[in-house]
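Novice: A predicted structure for the sequence below; I have some questions about it.
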Amino acid sequence: MMKRHSIIQQMAAIFLVGILIVGLLTFLLVQHRTSRSIEAQVESIANNITEEAVQAITEFPGYEFLLEYWYRHAGELEIEYDATYEDAPKTELQSQIWNKRHPDLPLEYIDSRKIRKMSADDQRIYAEIMYSWIITRLDQIKQASEASYIFLILSDDTFERQFYLMSAANPGDERGQEYEQVYTLGTDKEAADTVQESMRLAKQNKQSLTDAGIYVDYYTYLGEVADKHAFVGVTYSQEGLAESKMRETLRDALAAGLYEVIMAAACLLLLLYVVIRPLRKVQENIREYKNTKNSAKIIENLSEIRSRNEIGELSEDVSTMVAELDDYMDRIQEFAAENERIGAELNLASRIQLAMLPMIFPPFPEHEELDIYATMIPAKEVGGDFYDFIMVDDTHLALVMADVSGKGVPAALFMTITKVLLQNELLSGKTPSEVLQTINERLCRNNTEEMFVTVWLGIVDLETGEVTCSNAGHEYPFVKAPDGHFEMLKDKHGFVLGGMPGMKYTDYTIKLEPGAKLFVYTDGVPEAERADREQFGLERTLTVLRRFEDLPPQSIVTGMSTAVYDFVGDIPQFDDLTMLVLHYKGFTPDGQN
């Protein structure tokens with residue numbers, strides 16, 4: 001038996017799946033929002049850093065000269081990269097030399113116009129001292145931030161290359177011109193396409209973070225120097241940004257997830273109280289009714305559910321259904337009793353109908369010149385097919401095979417009337433055609449239900465084997481000669497009995513030699529259908545007859561019945577199945593065959 005799960009478990013599972021889906025969507029949304037937020041924060045910090053660096057450079061009036069001089073004499077300057085201004089002996093010595101030469105000209109107040117008029121040696125001393133001052137300040141700015149690099153560069157109008165004037169460093173950082181080193185003065189590097197676009201936008205005062213491989217760059221435009229464009233740049237590690245984004249995302253996502261779990265639990269409890277508990281009570285009462293059939297108690301219990309929603313309506317519907325089921329069960333019991341009575345009556349009617357047919361074989365043991373066997377299997381309790389054989393006199397035997405339209409009780413009643421009429425008329429000495437004509441007129445009187453019957457009627461002269469026949473819309477008979485096989489005899493058909501008054505019928509003759517056989521039947525044989533709607537058919541009927549043609553009449557009828565049932569399989573019988581076989585053995589004057 002399949003394991004059942006309570007609706008609480010199913011609802012909890014649904015809520016859990018919902019929480020997971022919403023949690024995933026929340027995580028993605030928070031991740032996107034956090035990414036934008038952190039990028040905006042980093043962009044703001046980068047802007048502040050570059051602005052501070054720009055201020056540290058431009059606070060000296062001679063900065064334009066310095067940038068141009070550093071660019072043009074990058075390979076001639078002696079720079080103390082690894083020492084601060086306070087503990088740089090060479091810079092200290094150069095400062096003393098400057099003060100001796102120009103005691104009334106402080107370095108921080110010299111503008112570009114004045115310095116350009118000085119000697120080349122003074123310009124070099126000034127450039128080296130100011131480089132030490134400015135790079136010390138940039139180092140301080142970098143060490144106070146989380147930036148990976150802070151640098152001052154020059155680039156031409158194509159922005160395809162970057163000429164590094166200075167790069168800030170932390171204590172112990174390795175300087176050089178290789179990737180990820182702190183670039184020294186004069187380092188010239190090719191710029192990526194994204195970096196070129198970032199510098200181009202920065203020149204238009206449209207700064208933004210730019211992807212630069214494992215780093216992101218931010219540029220602020222400083223101005224034009226020596227036909228070049230000066231920029232201050234800041235670089236951040238992508239890995240550091242990713243860690244910050246993930247940390248912020250997890251924090252916000254966990255907070256949102258906790259809120260979702262709390263809300264889901266509250267909704268689940270509310271569903272339990274408002275929906276599940278009333279539903280469970282309805283279910284329990286349905287099960288109790290199934291076991292006890294105590295409708296009064298069930299209706300009383302369900303009346304306690306006062307939900308003003310679909311569950312309340314369900315409770316009322318179940319109460320109504322229980323009351324209707326009680327009434328329905330009472331009626332079923334009445335119907336069952338009535339059906340049992342009808343079944344008993346139909347069973348009795350079936351026995352009575354079968355008793356009206358000749359059922360004792362051989363029927364005429366004193367007539368050894370013939371052997372006859374017949375059967376009728378109704379599709380319902382009672383049927384409309386019938387057969388009959390009557391000794392009209394000492395040497396004439398009448399054979400009847402008939403099929404009434406319809407099935408069941410109406411057909412059985414019509415069959416009874418027809419059978420009685422046939423017996424009466426056959427004993428009057430009339431020919432088969434006269435008998436059929438008389439019965440047709442009688443059946444047409446007051447036939448308000450417009451029923452009819454097909455009849456094959458034959459009178460056998462037992463002395464000569466001659467059969468005088470007449471056919472009122474019935475199936476063709478099959479005849480077997482003594483030394484031959486069964487063949488279908490396509491006789492002339494008249495109109496069905498009861499169909500129309502004033503009809504005429506014709507007699508014809510079949511000559512049976514000693515050893516000949518005659519097979520008559522109703523349409524239940526050839527029209528028997530199997531599941532694919534294929535019918536048994538006349539060809540298959542003839543094949544089966546020839547298979548059993550050398551056997552006695554009873555064996556032929558039994559073989560045909562078995563063949564029909566094997567053909568239709570498990571399909572219920574649709575029509576009455578009636579057959580009759582006559583074996584004519586011949587007649588001698590002394591009564592011996």
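Specialist: Here it is on my side, so go on.
Novice: going forward, measure contacts between C-alpha atoms and count neighbours the same way
Specialist: Noted.
Novice: Now do the contacts for the residue lying closest to Asn285 once chain neighbours are set aside.
Specialist: Counting by C-alpha to C-alpha, 6 or more residues apart in numbering, Asn285 lies nearest to Ile298, which is 5.8 Å off, once chain neighbours are set aside. Applying C-alpha atoms under 8 Å, 6 or more residues apart in numbering to Ile298 gives the contacts Asn285, Ile286, Glu288, Tyr289, Ser319, Val322.
Novice: for the closest residue to the fifth one other than its chain neighbours, helix, strand, or coil?
Specialist: Among residues not flanking Ser319 along the chain, Ile299 sits closest, at 5.2 Å (C-alpha to C-alpha, 6+ apart). What DSSP: H, G, I helix; E, B strand; the rest coil gives for Ile299 is helix.
Novice: I'd like to know how many residues surround Ile299.
Specialist: Residues contacting Ile299 under the criterion other C-alpha atoms under 10 Å number 20.
Novice: How about residues contacting stretch 422-436?
Specialist: Residues outside stretch 422-436 that contact it (C-alpha under 8 Å, 6+ apart): 390, 392, 398, 438-439, 457-459, 468-470, 472, 497, 504-507.
Novice: Please pick the buried ones from the residues you listed.
Specialist: With neighbours counted by 16 or more other C-alpha atoms under 10 Å, these contain buried members at 390, 392, 398, 438-439, 457-459, 468-470, 472, 497, 505-507.
Novice: in the stretch 351-500 of the chain, what spans have low per-residue confidence?
Specialist: Across the stretch 351-500 of the chain, the ranges flagged by pLDDT under 70 are 351-355, 381-383.
Novice: now, among the buried ones among the contacts of stretch 422-436, which is nearest to Pro278?
Specialist: Distance to Pro278, by C-alpha to C-alpha, is smallest for Leu497 among these, at 69.4 Å.
Novice: Report the contact partners of the closest one.
Specialist: Contacts for Leu497 were tallied using C-alpha under 8 Å, 6+ apart; they are Leu436, Ile439, Asn440, Leu443, Cys444, Phe452, Val453, Thr454, Val455, Ala472.
Novice: partners of Tyr584 in the sheet?
Specialist: According to DSSP bridges, the partner residues bridging Tyr584 are Leu370.
Novice: hang on, it packs against Lys511?
Specialist: No: contact criterion C-alpha atoms under 8 Å: Tyr584 and Lys511 do not qualify, at 10.5 Å.
Novice: Neighbour count: the two, which is higher?
Specialist: Tyr584 (23 against 15).
Novice: What's the separation between that one and Arg546?
Specialist: Using C-alpha to C-alpha, to the nearest Å, Tyr584 is found at 17 Å from Arg546.
Novice: cool, Glu78 as well?
Specialist: Relative to Arg546, Glu78 is positioned 128 Å away (criterion: C-alpha to C-alpha).
Novice: Ok, Ala411 next?
Specialist: Counting by C-alpha to C-alpha - Ala411 and Arg546 are separated by 32 Å.
Novice: do Gln554 as well
Specialist: Taking C-alpha to C-alpha, one finds Gln554 at 15 Å from Arg546.
Novice: now swap in Met401 and tell me
Specialist: Using C-alpha to C-alpha, Met401 is found at 21 Å from Arg546.
Novice: neighbour count winner among those two?
Specialist: Of the pair Met401 and Arg546, Met401 is the one with more neighbours under other C-alpha under 10 Å, namely 24 against 17.
Novice: Now for the residue lying closest to Leu185 once chain neighbours are set aside: which residues touch it?
Specialist: In space, and not counting its chain neighbours, Leu185 is closest to Leu165: 4.8 Å by C-alpha to C-alpha, 6+ apart. Leu165 makes contact with Leu67, Trp70, Tyr71, Ala74, Phe151, Leu152, Ile153, Leu154, Thr184, Leu185, Gly186, Thr187 under the criterion C-alpha under 8 Å, 6+ apart.
Novice: give me the number of residues near the first one?
Specialist: Going back to what we said before, that points to Leu67. Counted with other C-alpha under 10 Å, Leu67 comes out at 22.
Novice: quick one, what contacts it?
Specialist: If a contact means C-alpha under 8 Å, 6+ apart, then Leu67 has Leu165, Val225 as its contacts.
Novice: which SS class is Ala78?
Specialist: Ala isn't right for residue 78; it's Glu. Under three-state DSSP, Glu78 falls in the coil class.
Novice: same question, Gln207
Specialist: Assignment for Gln207 (three-state DSSP): coil.
Novice: what does Lys430 give?
Specialist: coil.
Novice: now the helices for the chain?
Specialist: Along the chain, counting by DSSP state H, helices occupy 7-58, 63-72, 89-101, 112-116, 120-143, 193-203, 238-271, 277-292, 295-302, 310-356, 408-426, 432-444, 537-547, 553-568.
Novice: Now do the shortest one, average pLDDT.
Specialist: Spelled out, that is helix 112-116. For helix 112-116, mean pLDDT is 90.
Novice: just checking, what packs against it?
Specialist: helix 63-72 (3 or more C-alpha pairs under 8 Å, 6 or more residues apart in numbering; DSSP states H and E).
Novice: quick one: the helix it packs on to helix 120-143, angle?
Specialist: 100 degrees (axes from the mean of the first three to the mean of the last three C-alpha atoms, to 10 degrees).
Novice: What residues of helix 63-72 count as buried?
Specialist: Neighbour-count burial for helix 63-72 [16+ other C-alpha under 10 Å]: Tyr63, Glu64, Phe65, Leu66, Leu67, Glu68, Tyr69, Trp70, Tyr71.
Novice: could you measure the third one against Gln123, distance?
Specialist: Note on Phe65: its distance to Gln123, by C-alpha to C-alpha, is 9 Å.
Novice: Give the residues shared as contacts by those two.
Specialist: Ile115, Arg116.
Novice: Name the nearest residue to Leu512, ignoring sequence neighbours.
Specialist: Gly465 (4.7 Å).
Novice: Can you name the residues that contact that neighbour?
Specialist: Lys511, Leu512, Glu513, Pro514, Tyr584, Gly586.
Novice: who are the neighbours in contact with the fifth one?
Specialist: Put plainly, it is Tyr584. So Tyr584 contacts Glu369, Leu370, Asp371, Gly465, Leu512, Glu513, Pro514, Gly515, Ala516, Lys517 (C-alpha under 8 Å, 6+ apart).
Novice: would TSV of those with distance to Thr194 be doable?
Specialist: Converted to TSV, these look like this (distance: C-alpha to C-alpha, whole Å):
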residue	distance to Thr194
Glu369	119
Leu370	116
Asp371	113
Gly465	118
Leu512	114
Glu513	116
Pro514	117
Gly515	113
Ala516	111
Lys517	109
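Novice: Mind checking which of those land in strands?
Specialist: In strands, defined here by DSSP state E, the members of the contacts of Tyr584 are Leu370, Asp371, Lys517.
Novice: most neighbours, which of those?
Specialist: Of all the ones in strands among the contacts of Tyr584, the highest neighbour tally under other C-alpha under 10 Å goes to Lys517, namely 26 neighbours.
Novice: Just confirm the residue nearest to Ser319 contacts Met321, I think it does.
Specialist: No: taking contacts as C-alpha under 8 Å, Ile299 lies outside contact range of Met321: 9.9 Å.
Novice: hey, what's in contact with both of these two?
Specialist: Common neighbours of Ile299 and Met321 (C-alpha under 8 Å, 6+ apart) do not exist.
Novice: For burial, what's the neighbour tally of Phe478?
Specialist: For Phe478, the neighbour count with other C-alpha under 10 Å is 20.
Novice: swap that for Asp576, please
Specialist: Counted with other C-alpha under 10 Å, residues neighbouring Asp576 total 24.
Novice: how about it, phi and psi?
Specialist: phi -60, psi 150 (degrees, to the nearest 10).
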